[in-house]
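Peer 1: this one's structure only:
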């Protein structure tokens, strides 16, 4: 598990926390797991799924009734990310302000990350 003592893996804006909390109440789940997988035109995509039973290796971030779990394989890639929820005239959804992203496709759904060695060096600095 990748973490820095006393620092949460991700931060959640008030809007995102409120939306996650509403989803958890409505759907009856205990949290929302966020991860990454291979796919999309830039190489990787974010994943989100409801969780009833957390994995013991998940990084858990709780705020204002919202519970976000970071999948073990995604922790290095998501460390330092701000999760927001935006609503506009054309679309609504979660936005990931991730300092580890080196490139993203035009639609914003697919991302690529900095080299793993580069990420590790930044974390230890």
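Peer 2: Happy to help now that I have it. Just so we're clear, the structure is a prediction, and the values are computed from it rather than from any experiment. Residues are numbered from 1 along each chain as shown.

Peer 1: Spatially central residue for the chain, please.
Peer 2: Centroid-nearest residue in the chain, with C-alpha atoms, centre = their mean: residue 34, separated by 4.8 Å.

Peer 1: what helix or strand is that one on?
Peer 2: Secondary structure from DSSP states H and E places residue 34 in strand 31-38.

Peer 1: next SSE after that strand?
Peer 2: Next along from strand 31-38, by DSSP H and E: strand 44-51.

Peer 1: List the residues that contact the residue nearest to the centre of the chain.
Peer 2: Going by C-beta atoms under 8 Å, 6 or more residues apart in numbering, residue 34 touches 10, 46, 47, 48, 68, 69, 70, 71, 74, 78, 83. The way it works is simple: take the backbone N, C-alpha and C, and place the C-beta from them, glycine included.

Peer 1: Could you dump these into a markdown table and include distance to residue 92, pLDDT and secondary structure?
Peer 2: Shown next, in a markdown table, are the contacts of residue 34 (distance: C-beta to C-beta, whole Å; pLDDT from 0 to 100; DSSP: H, G, I helix; E, B strand; the rest coil):
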| residue | distance to residue 92 | pLDDT | secondary structure |
| --- | --- | --- | --- |
| 10 | 20 | 92 | strand |
| 46 | 16 | 85 | strand |
| 47 | 19 | 90 | strand |
| 48 | 14 | 92 | strand |
| 68 | 18 | 95 | strand |
| 69 | 22 | 95 | strand |
| 70 | 23 | 94 | strand |
| 71 | 24 | 92 | coil |
| 74 | 23 | 90 | helix |
| 78 | 21 | 89 | helix |
| 83 | 14 | 94 | strand |
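
Peer 1: among these, which ones are buried?
Peer 2: 10, 46, 68, 69, 70, 71, 74, 78, 83 (16 or more other C-beta atoms under 10 Å).

Peer 1: any chance of the residues you listed in TSV, with distance to residue 19 too?
Peer 2: Output for the buried ones among the contacts of residue 34, formatted as TSV (distance: C-beta to C-beta, whole Å):
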residue	distance to residue 19
10	15
46	15
68	11
69	16
70	18
71	20
74	20
78	18
83	10
